Every structure is written in structure tokens, then in C-alpha cells.
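# Dropping the sequence and predicted coords here.
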Amino acid sequence: MEYVIEMLNITKEFGNFRANDNITLQLAKGEIHALLGENGAGKSTLMNVLFGLYQPEEGEIRVNGKKVNISNPNVANDLGIGMVHQHFMLVENLTVTENIILGSEPKKMGVVNIKDAAKKVAEISKLYGLNVDPYAKIEDISVGMQQRVEILKTLYRGANILIFDEPTASLTPQEIQELIGIMKKLITEGKSIILITHKLQEIMDVSDRVTVIRKGQGIGTVVTSETNPEELATLMVGRQVTFKTEKGPANPKEEVLHVEDLVVTDNRGIEKVKGLNLSVRRGEIVGLAGIDGNGQTELIEAIAGLRKVKSGKITINSKDITGKKPRQITESGLGHIPQDRHKHGLVLDFSVGYNSALQEYYHEPYSKNGIMDYGIISEKAKSIIEEYDVRTQGEHELARALSGGNQQKLIIGREVSRDPDFLIAALPTRGLDVGAIEFIHKRLIEQRDNGKAVFLISFELDEVMNVSDRIAVIHDGQIVDTVIPSETTEQELGLLMAGHSTKETSMKEGVDRDVK
Amino acid sequence: ACGTDKDKDKDSSSSKGGNESDFSVAMVTDVGGIDDKSFNQSAWEGIKKFGEDNKLSEGDGGYAYLQSKGEADYIPNLNALVRRDFNLVFGVGFMMEDAIGTIAGQQEDKLFAIIDGEVDQPNVANILFKEQEGAFLAGVAAALMTESDKIGFVGGVDIPVIERFEAGFVAGVAAVNPDIKVDVKYTGAFDKAELGKAEAGRMYSSGVDIIFHAAGGTGNGVFSEAKERKQADKNANVWVIGVDSDQYDEGQVGDDNITLTSMLKRVDNAVQDISKLAQEGKFPGGETKVYGLHDDGVALADSRGAIPEDVMKQIDEYAKQIADGEIEVPEFR
Amino acid sequence: MSNRVVNLLVPIISIILGLLVGAIVMLFSGYDPVSGYIALWNGIFGDSYAIGETIRQISPYILAGLAVAFAFRSGLFNIGVEGQLMVGWFTAVYVGAAFELPMIIHLPITLLAAALAGALWGLVPGILKATLKVHEVIVTIMMNYVALHVVNALIKTVSGGSYKTDKIQPTASLRSDFLSNLTDYSTLHYGIFVALAMVAVMWFLLEKTKTGFELKAVGFNENASQYAGMNVKKNIILSMVISGAFAGLAGAMEGLGTFGSMTTQGGFTGIGFDGIAVALLGANTPLGVIFGASLFGSLKYGANNMPNAANIPLEIVSIVVALIIFFVASGYIIRVGLQRLNKKKEAK
Amino acid sequence: MSFLEVLYFIIPTSIAYAAPLIFTAIGGVFSERSGVVNIGLEGLMVMGAFVGIVFNLAFVDVFGGWTPWISLLAAMLVAAIFSIMHAVASVSFRADQVVSGVAINMLGIAIALFSVKMMFGKGQTDFIQEKIPRVNIPILQDIPVLGPMFFKSVYGTSVLAIALAFVAWFVIYKTPFGLRLRSVGEHPMAADTMGISVSKIRYTAVIISGGLAGIGGAIYSQTMTGDFGHATINGQGFMALAAMIFGKWHPIGALGAALFFGFAQTLAISASSIDIDFIQKIPAVYFHILPYVLTILALAGFIGKANAPKANGEPYIKGSR
Ligand SMILES: Nc1ncnc2c1ncn2[C@@H]1O[C@H](COP(=O)(O)OP(=O)(O)OP(=O)(O)O)[C@@H](O)[C@H]1O
Ligand SMILES: Nc1ncnc2c1ncn2[C@@H]1O[C@H](COP(=O)(O)OP(=O)(O)OP(=O)(O)O)[C@@H](O)[C@H]1O
Ligand SMILES: [Mg+2]
Ligand SMILES: [Mg+2]
């Protein structure tokens, strides 16, 4: 086989920690090569080495058979290697075009020639069907769009080897479908792709071969067509993983959350939630399905008291909490796994221990009349680490140093261990490996079985289908329909999310293909 | 401990080698610094003069100074000099009153003098000046020289010393022509030239043609403004009266000069006077000596012809009357 | 080398580097570094008197440093320590002079008053930041000038047109004959204990109390703090107020300890600005501040002896001090150097 | 003075007051837009003020009327070189940029004063003979009302300052360098992955800030004091810092803020001199604090937080998150 990229026996150390231990990865021309591994296995590190951000301690890299020394991203760019980073590398307050031309700006008499650049961007984006607005500011466009900007950046520089580090972690199903389409198109254009993702189905769908790494070590490379998700999972985790989470039937009891004609606006004052009604009962998991930007964020933040309610009423345990302060709401029984773990969920510069007490530090036993008891807090942290298998040096390590996966487990541990009557879980498994996901789903169901109400927000249809007992579909700030998982299909859901009412869907079966 | 030892050897050596006549003096500057073109500098000149007259050399057993970065340095500096065994130590500036008071209390066998301040201790001589008398003459000069009959006074921070300048100046103007209104302004700072400049700009624009400043560094701004106006237009009628030392050099604009004259505060004379007295064993401890026109404590600088003879005569006339006590110049506004 | 050793070595090496460069400067400008540094040493530790004065000088630096550090810990940059210090100084002197009370009441009240004054001066930027998101740096800079002019005006008023307030009652004084005699008539006063007490207070506040937990959280991440039900605005204001209180006490050091009165200020004292360096040299930790203040205070004070004993101009000393700060700040590069050394050693 | 006369006084004076601040503040904009906090502006201004005067004194016979202008260049050069220290510390040595700034401030005044002592044997320099002149701009000065306000006896430097603001705006928002500058200050890692050398940009930015602050200081000393001493620059650097933040890290904003400060100052001065009895009765202190209070009020007026560049103050370390 003819390889465009060969990473041979790469070893990368951070201090005396081996993030990559003698890993070999060979990318054939025109293939989509998946890179699979648990959180913290070493995937991003390996790719950062290939992109010239890190220098490996050992091993060599060959491009088209020639040994190269990729000392910095410039070299990578020149070699035609482009990378779409896991944490986007976009300057928020610049426009799409500015972000794309950054570093190789077209000039007219010393002035950046934005017009031409924008035109070129528009062309490329048209060529690959990305349709992004060249003049839009990054901070104003959706994550999916930002993702495409990242892709455009590499294409604009004429990269023919593209690295995607968890591109789908934060995309909606539609966006994922579109992305997959884009990748296939790129291949036909003669480009080669390395794809990192935790979603085995995606790997099965698009990739030609898979390289699996575990705890920094290469486990091996398999041909996709000759394997299956179960095998892949076992390879990467080192044990059997169940996908369809086992759960008994729900037996819903009295209502816990009640939302009535709720209206909420976003930061710009535009109404995002428009007279929404919703109810979640003890002993059930209600999933909220919807396309990003249809008011999910505003809804959650309004319930949690992080955003002003324009009109309408929210009650928890039939206690009116409309416009109450976050703490009052928490105390009336809310547990909240926030959508953005870095913005709301954690104080990254606090230790794991401090973070584990973030919601309860102010009352006994964690503090008595104004004095903290860090001893008890450490105890609590230890138990969460233990029980929720948070991989960390210990409760004194900074939350910042944890992998997203482990950061997430920490948050879930903190919120669930408070045993709240009503638990909001917003995108709880984003960016996590299958092992972690399985674990988290188990916990949510456990809560339900203990007679708590759980409200699950997710862009992953299969997650919503697997975990929830009822699915409320949100579209344009309203619940357009509520369906039972066993009685619906992903297709139907997709249509509802797109704003079609159930009646239409039956006739619209033909559209499935587009949605899928 | 080595520090004290060193001091000790110093002491012994100086007392060994020194014959009876040698009488060492030293001073501590205030935050203004040794060369503030004002009383610190003037005091130092006095001390040097005294030293030279008595064939003393700079250093221990002769004459010396220490500079203060901030108020907190006064006491340590005074102490350092006392430890170096100077017979008489001057503290310059009212800010040093407390410091002198403390040290004088601890070192009763040493002699101290404070300039511009008063400390009630038997071993401290207090030196004050009748700034108002000098300022009065400046006022007379201004009143006689003004063509617009508008005169300005720019003060720094509003403290008693400066108030004496103001009071004397205003009185002097009034003595010549009661109808002239003096535009009195305080910038609230001694070190903000931009404010002095703006203030002066305002005054000149409003028709003022002579400004007397008692504002230290802020006064630089006054000079800048006047000089610019002179530079822009050779026959612009703008003048500045300097303060403390002869500020003629500041006034140079090409071959013109906008310094009308300066009100001198002869701290040097006072310092020498006190040093001599002390040397002769007539140290005025516990007393307050107020130096005025009469004893060359204050004076007007040579105007280098900016002020014509006849006017000078009238000024000298006033000077005489003040010296003879016929005119009593007010101290307060 | 263990991390601890490195952490110790870095400041030491920085100081040595600073002194070295300073020595070179002296050589080139025709001064004798040896006698210069001997003078510096004697100026700091030479005799009990010097030591006394050095410690005296350190006290206000500790408090100014605490003020800056405390605000920093909750994400605020307080350049207003200078002004807060001045109002604290004035208030201390005023309360100290105006009332006649037994010491056990008078002194504490006076200190409290000074702290409150400083706190008040910190309250303004605090409120503006919390409610209107006005950047605290500008407001505190402006408040410095306001303080300067207001205090001078107040001195004039309370002293009936003079340039100096009355002396404080002995019952409000931090002066101590005991300490003074101990250090042969230095002006050392009990202020140092107040300062050290405040170090403890800050440490306790930040590391032990609920408030400290909240202040730090808000400093790191306002969103998460809000999510965790903390009152972000309250904490921002609180932080500025406490910071101001420390600064006010720094003023009290001058008013009740060093001077016993306040004279019209021609300009800023500089202590407030030095406080920034002190705090950051101490990595914004209470104990670190003691280190920063000691370094700063002793160099600043000992410097006076260089013109005195070796007639080397003060400016050279400021250069040395600045360089030391510079090198301490650049500790990273020194760390790298040390690690290189280590590697070499291990290699052998 | 009539109302118009008052304006004829206030406006030129405000601009003259603002000019040094404008240069320095815009210098700050460059530095902080690249992500390097620069509270060393004060020290850099001191350097500039000092060099400006010394150079002026030394070369006045050579350059005659051009001396002040060439002195500006000299000041720019030296201050720029001096600022490299700050760059090395904050970019290469990953120093705490605030501390390094403080060090720059202390060092600036110390070096300047020490050199003065060495050169002149006293604490301040002599007075310069060739100050920055005020000029009447032909034709424009004859425009009724506006003429006397803006074009009669103005400093060339004031004109330069205002021009600079627009040049800076152009550089920061229209040129490749500006684009890179902003990206480095917002998201250095992103810039790095795009092959931009974060350090190079930051060095350049800091050095630019040094040069501009140097000019600012030299303008001040050559217009306001005419000599250099320990108190020549005191606080202007911090006022410039305030202007930069007030102007939301935007050159035009900084220009506006600086002009506002100047306006507030001169307003207070002329207000205090209005010859109405009750105004004359107002204690001076109220006028002394007026400019600063006005500023605070103005800030409170412009509700909404000034957003600093995201990466401001953080040394860029590859691979950290
Ligand atoms: N910059 C760094 N400094 C120190 N250690 C690091 C750094 N980056 C990664 N590591 C270590 O290397 C390991 C692998 O990190 P990497 O980012 O490659 O994981 P990953 O496979 O991308 O995980 P995820 O699936 O969550 O993205 C981590 O567990 C961490 O301990
Ligand atoms: N600067 C760092 N110091 C220590 N560990 C690091 C650092 N950067 C990354 N890591 C490690 O890298 C691993 C994963 O890194 P990566 O950037 O892929 O995070 P992640 O888990 O993918 O986060 P997310 O899923 O939120 O994107 C984690 O184990 C984390 O501990
Ligand atoms: Mg990763
Ligand atoms: Mg991840």
C-alpha cells in the first residue's frame, strides 16, 4: 500500500509521563483512517505531534515516503497537513475570512485584501458544499459552522492530508451527516483523512481502517470492513462494553418539574423560548430532542436560574421558582449537569476537591458558621473519585489537568451524589469514550429508579432513544410533540426536530434518506 | 555590629586629628533633593560656603548632606549624621519638624537647626523667613511694570509658607495700585507642570501680563507657557517672577528673557549665620530667628535691566521702609 | 533538586543576579561595589538601630502588599492602594488626635477607623465594577488623585489652616519605647505586629473561610460561581473593600507608628505602587507577601546608607532593586537553567 | 473671558495636555492587543522625557529649529530599546507581566536620574532652548470660530498625535500585521497553528509601545517642563494606561479618552476662575478633584464592560490548555 503519512514508533512524553508509547500509524492515500482510544489514551497528542505542535522523543515521521522533521505547524502546512483541532483554534472576535487567511493574508499595497479572500473562501466553501458566510463573526455562528470554518482553514491552505480531532463531539446529527458527506467528498478529491471519534457507528460508516490505542500504546490497526463495533470497543477499553443500556420499565409518579408558557430571551434580547410547556415526573427520564439553537440552552438556564425569565412559570415540587436565585432553586431540589463543563461546570483552577464541593460548600458539614472543613470536603472528593472512577492524581490535582471525560465524571458525581429530586443532564456524554458513556447512562437510570426525575438534553438521537422514557421534541422554542422511544424512529424524530408535525411525517417517509 | 564599630573608629579619628577650631556641619534635605533650585540647594550652598571659610573638607569632621527619598527617611538620615558626629545638623523644610524634635530629644548634647519650621527644644535653633517681605517687593515690581493692570499668582499646594508669598505679593501690588486685582490660583501640586502651564495659559489669555509663581516644579509650566508665547510673538508682553533662587536662566527665549526678576530666599545666609553663631558658642538654641529683608533673609534678584532704574528706585524705597519696620507686611491672606 | 529547593533557589539567585548587575553598573560609573554593598548590608543589618528601622519600613509594605494581593486573588487589580493608604493615614491621625480614651479602646478604634476609611475608598471602585462593570484600574487610579487632594484639604481644615495635623494622643500611638530602646532609639513600633496579624487574617480568610472560598471562585470563574449560587457582585465589592481596609491599615502604620501625624502631601507616598511589586513578588500569597515586603523594605531602607557610608547615589540602589524584581519575575528562566544543571548532573 | 474666549482656551489646551497621553496610550494599545500587559508605560515615558531633553540640549547647535523633532525620534529609539527588557521578560522569560512592568517603571526613573546626575552633576537638566513650537496653520486658522479653536498656535505634536490615532487604527484593523496582532492577543495558540510566531508579534508590539511611549514622554518634557527632573513625569504613564482602558483598547477610543482627560483638566481650571462670587467661594479642592470625578462619572455613564484582549497578560506556552 502507498502511504502518504507514516508515523513510526512515536514516543511522546510530558515530564516523565508517556502520552504516546511507541505508537505506529500509517495513512494510505485516499483513505479515511480512524484513530480510536479512550479519553486520555493519547490521540490528540499523537496528532499534535504530526501537526508539529509537539516534538516526539522518539520515532520518525515520513510523508510520501520521505523522512521529515515537522518542527512547527508551518512545516506541517507546507507538507500539506491540515488539522481540525478538538478545541477549536478560532479567534472569536474575527470574521470567518480573517480566521481563514490568518498567517497567509492576501495583500493589496500592504493592506489585507479581504474582498478577494472572502471571494476565494466563498468559492471553496461552495465547492465542498460548506456554505459558510465569509463575513460572519465566529462568536455569532453555531458550533457546526465553526467546525466548517476549521475545515475551510485547512482546505484554503491546500492541505491534502486532513486530521479531524473529535469533529463530531459537539455536532448535531444533521451536522454529523453533513460532515460525513463532506469527508467523503474530500476523499474523492484525492485527499486523505485521519479521523478521531468516540462514536463507533461513525467509524463503521466512513472509515476504511482503524488504529486503536490504549493508555498511550498502539493496540493495532484493523480493516473496518472486517470488524464490528463490539470488537473495536473491546480492543480500546480492554473489556466487554454493552451499548444498549439495560433498563427496566419506568413507573412515573407525581410531577416534579412543571413549566408553563415559559418565554426566555437570549443575550441579544431575541426570544428563544416561546411559551413552552413541559412536565417531568418522578421515576422517569424525559429526553429533550432538538436541533442546536432551538432554545434548549435558554430553557435550561432559565430553569437553573442562570437566565432571566421574561414570562411564564416554573415550579419544582410544586414550589414556584420562577426568577429565583440559582441557590434557592438548587435547594428546592435541582441538580444540574451543565452543557458547558468549562464555563459553568467547573472552576478549572480549583482542585478536584474544591470542585466536588462547589454546590454544597456553604452548609454543614462542609462548612460550619463560616469556616470551611476541607477535611470533610477531601473525604467527599475521594468518595466521588472512587465511586465515579474519575481518573486523577488525587483530590488535590487541578480540575484543569483532567481530561474532559474525567472532568465530566467529576461534575456528574458532584450533582448526583447530592441526590436531587430533579436532575438536568445537558449533553452529559459529549466528547466521552464509550466506556465513560456507558457508565454515565447507568447512573442516570439509577437515579430514575430511585424515584428521581431526570431531564436529559442531547443532540445524539441514539442516546435520547436509549436512555429516555419519554422524548419531548423542541423546535423553535416550543415543545412540538412528545413521543415514546419504543413507538418512534430516529427518522420520525428527525422530522419533528426539523419542525414537521407527526401527521406530515407518515407521508414524508421518503425524506428519510436526506435526514440520515 | 560592624556598622557601629566603624562609626566608632570614625569618631575617634575625627576627634584625634581635629583641633578645637574645627566645627563640622551637615544637613538633611527634604524630598525636594539637594539641587531643587530652592531651599535645599540654597542651604547646601550656605553650608559649603561655611565649610570653605573654615577650611573644612567635605565628609566626616567637615561638612556633608544626606538626601531623603521620603518623609520616612528624615529620622534615619538625621540619626546617621549625628552618629557621624557632626556638631550641628540642619533639617531643611517644615516637613522635618517632628523628625528633628524626636532626634533632638534623644541626642540632647548635639545641636540642630530647622529651616522653615519650629521645634521647641533647647538644642534646636529655628529658622524662619519673612517670605511675605520679599513677595511684597515682587508685588511692587509687578504692579509698577504691568501694562494690563492684570497680575497673576500661581501657588503650589496651599500651605502657610506659600500663603505668606501670596499675602505679601498681593499686599505689595495693592500698595502701588489698589485697583489691580491679582488673579490668585493654587494648582494643588508642586510637581505638575502641565497644570502650571494651563493655569498660566489661562491667565495670559485673560490679559494678565505678569505672573509670580511659588509652585516649585509646577512653576516650570508657567515658564514654558510664557516662553512659548514669547517665541511665537517677540513683542508679546508676558513676564514671570521666579521664586526661591534666581530663575533668570529658566526665562531665556532666544535672546529675550521673560524672567522679570526672582524673589530670593537666602537660606544660605541664614545657614552660615547660624553655623557661625554655633561655632562661636552663641548657638541660639530654643530660639526662633526670623530672617527678613533687614537681615538679607529675602531679596529680589537682579532683574538684568528688565526693570528700569526709576522703578528699581521705588522698589528700593519700599524695601527700606519694610526693613525699617515702617511697613508691616501681612503674613496671611 | 527537589521542587522545594528550586522554589527557594529561584529568589536567591534572582537577588544575586540583581546585585551582580548592580555591581557592574557601579564599576562602570566609578563607584566601589564592595564598599557599596557593605554599606547596604550595614544599612539593613549593620546594628540594632538599622534593623529596627528596616523592620519599621517593612510594616507598611506588608499591608500594602496584602491589599494588592487580596484583590488579585479575586481577579481584581487594585492600583488604588496609594489613595486608600492616604485616607487611612489621615483618618488614623484624626481619630488618634481628636479623642481621649483609654488605650485598649482608643488604639483599636483608631486602627478600625483607618481600615474603614481605606475600605470606603475601595468600595467605590468595587461597586462600580460589580454593578456597571467599570474597569477597576481606571477608577482606582482616579481615586488616588481624589484622595491626594481631599486629604490635603482635610489636613488644612482640621488643623485650622496649617499644613500639619495635631499629634495623635499617646493612647492611639503604636510607638513603643520598649522596641525603640531595644533597637537603640529606632522608630520601630508595634505596627509590625499589626501587619503580621493581618497576614494571618488574610491567610485565614482565604484558606479557611467560606468567604475566602467564594472570593477565590469568583476570581477564577464568575460563571461557575454564579452557577454554584454565589453572589458574584457581593464578592467583587467585598474583595475591594477588604483590600482597601488592608491599605487603610498601611496608612495607619505611618500615622500611628512612624509619624504620629500627617503633613500636607506634595505627591504620592509610593508605598501603594510598591505594594504591587511586593504582592506579585510574593505570588499573591500571604506568606509570599512577607518575603516581598522584607526584600523591598530592607533594600529601600538600607539604600539610604549607601550615600551615607559610601557616597554612592541613591539611584544606583533603585536600579539594583528594580533589577532584582525583574529577575524574580523572570524566575521561569532561572528554573529552566536549574533543571538543565540537574539533567547534566544526572547524566554523570 | 467671553464664552468663545473660554473655548479658545479650553480646546487647544485640552489637546496640548492630551498629546503625550495619546501617544503613550496608543503604545499601550499595541502592547496589550498582542497580549502583553504594559503598566511600564510610566517608566517608558520617563525614558522618553529624559532622552528628549538631553538630546535636545546636546544637539541644539547642530539641528537648530529641528532639534525638538529629532529629539522625539531619539526618545522613540531609546525607549523602544528600553522596552525590549519588558518584552524579553514577559515573552521569553514568561515573567509576570505586571511585575516586569513595575520593574520597568522603577528602572526608568532610576536610570534617567542617575544619568542626569552623571551628566549634569545635579538633580535636573538645564533648560532647553528649542522647545516644540506652536504654529498657526495657514488658511485653516482663518476659519471663524473653528480656526482659533483648532488651528491657531497649535503644537505640531498635537496634530501628529491625532494623526497617529488614525494611522494606528489603520495598522491594527487593515494590515496583515494588525490582523496577526489581534489574533495573538486573543488566541495565541490559534495564531500559532496558523504558523504565526507569537513571540515575534509580541516583541514587535511591545517595542512599538516603547517607542510611542518614548515620544509621548519627550513631547511632555519638551512642551510642559522644558527640563528633566525627578518629578517631570509622575502619573502620566498611569493616566495613559487609564486612557487605553477607557478607550477599550482601541486607538480611536484611546484618543477620545485622552482628549477627555485634557478637557476635564482644563475645564476645571477655567471653571475655577469664573468670576462669579459663589464660584469663587467654592473651596479649591473641589476643582482639583473635578477632572478625576468627571472621569469616573463618564465611565459609569458608558455602561458595559471594556473587554480586554482574551489572552492579555498570559505568557503563551505551547501545548498548555
Ligand atoms: N500538554 C500536556 N501536558 C502534560 N500531559 C499531557 C498533555 N497533553 C496530554 N497529556 C497527557 O497525555 C495523555 C493523552 O492526552 P491526549 O490529549 O492525547 O488524550 P486523548 O486521547 O486526546 O483524549 P480525549 O479522547 O479525551 O481527547 C493525557 O492523559 C495526559 O495525561
Ligand atoms: N496541560 C495539560 N496538563 C495535563 N494534562 C493535560 C494537559 N493538556 C491535556 N491534558 C490531558 O490530555 C487528556 C485529554 O486531553 P484533550 O485535550 O484531548 O482533553 P479532552 O479529554 O479531549 O477534553 P474534551 O473532551 O473536553 O475536549 C486529558 O487526560 C488531560 O489530562
Ligand atoms: Mg483529544
Ligand atoms: Mg475528548
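On my side now, so go ahead. Ligands and ions are numbered 1, 2, ... in the order given.

# so how far is A:Ala19 from whichever residue of the stretch 351-500 of chain A sits closest to ligand 1?
For the stretch 351-500 of chain A, the residue closest to ligand 1 is A:Ser403, as judged by CB to the nearest ligand atom, at 4.4 Å. For every residue, glycine as well, the C-beta is placed using N, CA and C. Per CB to CB, to the nearest Å, A:Ser403 is found 11 Å from A:Ala19.

# Same check on C:Glu254?
Distance from C:Glu254 to A:Ala19, by CB to CB: 55 Å.

# A:Thr330 now?
Counting by CB to CB - A:Thr330 and A:Ala19 are separated by 38 Å.

# helix/strand/coil for the residue nearest to A:Ile471 when sequence neighbours are not counted?
Nearest residue to A:Ile471 in three dimensions, chain neighbours excluded: A:Gly287, at 4.5 Å (CB to CB, 6 or more residues apart in numbering or on different chains). Reducing the assignment at A:Gly287 to three states with DSSP: H, G, I helix; E, B strand; the rest coil gives strand.

# you'd agree A:Gly287 is up against A:Leu461?
No - assessed by CB atoms under 8 Å, A:Gly287 is found out of contact with A:Leu461, at 9.5 Å.

# Looking at these two, which one has more neighbours?
Neighbour totals were compared for A:Gly287 and A:Leu461, and A:Gly287 leads with 27 against 20 (other CB atoms under 10 Å in any protein chain shown).

# beta partners for the more buried one?
A:Gly287 has these beta-bridge partners by DSSP bridges: A:Leu456, A:Ile471.

# Distance-wise, check it relative to ligand 4.
From A:Gly287 over to ligand 4 the distance is 23 Å, taken as CB to the ion, to the nearest Å.

# Can you list the buried residues in the one helix or strand C:Leu295 maps to?
Following DSSP states H and E, one finds C:Leu295 within helix C:286-303. Neighbour-count burial for helix C:286-303 flags C:286, C:288-303 (criterion: 16 or more other CB atoms under 10 Å in any protein chain shown).

# do that helix and chain D meet?
No - applying CB under 8 Å from any CB of the partner chain, one finds helix C:286-303 out of contact with chain D, separated by at least 9.7 Å.

# Which residue, neighbours along the chain excluded, lies closest to residue 257?
Let's take chain A. Using CB to CB, 6+ apart and skipping the chain neighbours, the partner closest in space to A:Leu257 is A:Val280 (4.1 Å).

# actually it's chain B I care about, not the one you picked
B:Gly251 (4.4 Å).

# now do A:Tyr156
In space, A:Tyr156 is closest to A:Ile100, 5.0 Å off (CB to CB, 6+ apart).

# Could you pull up the residues touching the one you found?
A:Ala117, A:Val121, A:Val149, A:Leu152, A:Lys153, A:Tyr156 (CB atoms under 8 Å, 6 or more residues apart in numbering or on different chains).

# Assign a three-state SS to A:Lys12, would you?
A:Lys12 ends up strand, using three-state DSSP.

# ok, what's across the strand from it?
Bridge pairing for A:Lys12 - DSSP bridges - gives A:Asn20.

# Could you double-check that it sits in contact with A:Ala19?
Yes - counting by CB under 8 Å, A:Lys12 touches A:Ala19, with 5.2 Å between them.
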